[in-house]
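Undergrad: Generate a structure from the sequence data that follows.
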Amino acid sequence: MRKYDDLIISYLRENSRMSLTQMSKRTNIPISTLYERIKGYQKKVIKKHTAIIDFAQLGYGTRARVLFRVKKDVREDFKEHLLHSPYLNELYKVNNNYDFMAEFIFRQMKEMEDYLDSLEEKYRVEKEVFYILEELKREGFLSKPTLLFFGAK
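TA: Predicted structure coming up:
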């Protein structure tokens, strides 16, 4: 049954608005089975329903991933600060001599630089900044049902 879960999830990731009728036709899985499976995913597998946005089209032209190294005594405060930042898009706990990796989105580079400088000053963090110049692929894993090699149309 695992292969069917991957197939269903792949169709959801490709187009979460696809009707169950359409998905049933493409997968040869009965609508009732699809409904029950997707209902079961709601609490365990599917974390959030959302839209993938082109932020540049909304005027947010500066995007960067930043690695942070933080002293242990301020790590929790720093994490909470980031979690409440309106500029934060993603936050991860990481390894290899860093503590966090964050993605920030701003309208202008100066805004981002000022924000990062304020974090450096307040929390004495060390940081490495990677500006995102062009998005080449996003949210691609398990999003192409046709690439799964079992019975997908």
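Undergrad: Please export the alpha-carbon coordinates of stretch 119-130; CSV is fine.
TA: Extracted C-alpha coordinates of stretch 119-130, given in CSV (Å, rounded to 0.1, in the frame of the first residue of the first chain):
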residue,chain,number,x,y,z
LEU,A,119,20.4,40.4,15.3
GLU,A,120,24.2,40.4,15.4
GLU,A,121,24.3,43.3,17.9
LYS,A,122,21.5,42.0,20.2
TYR,A,123,22.5,38.3,20.3
ARG,A,124,26.2,38.4,19.3
VAL,A,125,25.5,35.8,16.6
GLU,A,126,27.8,34.7,13.9
LYS,A,127,26.2,34.4,10.5
GLU,A,128,26.7,33.4,6.9
VAL,A,129,24.3,34.9,4.4
PHE,A,130,23.4,33.3,1.1
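Undergrad: Now find how far off-centre that stretch is within its chain.
TA: Centroid separation for stretch 119-130 versus its chain: 23 Å, with CA atoms, centre = their mean, to the nearest Å.
Undergrad: cool, and stretch 50-63?
TA: 13 Å.
Undergrad: Show me which positions of that stretch end up buried.
TA: Going by neighbour count (16 or more other CB atoms under 10 Å), the buried part of stretch 50-63 is 55, 60, 62, 63. (Each C-beta comes from the backbone N, C-alpha and C, glycine too.)
Undergrad: Is residue 122 located within a strand, as I assumed?
TA: No: counting by DSSP: H, G, I helix; E, B strand; the rest coil, residue 122 is not found in a strand; it is helix.
Undergrad: three-state assignment of the nearest residue to it once chain neighbours are set aside?
TA: Spatial nearest neighbour of residue 122, chain neighbours left out: residue 81 (7.9 Å); criterion: CB to CB, 6 or more residues apart in numbering. Three-state call for residue 81 (three-state DSSP): helix.
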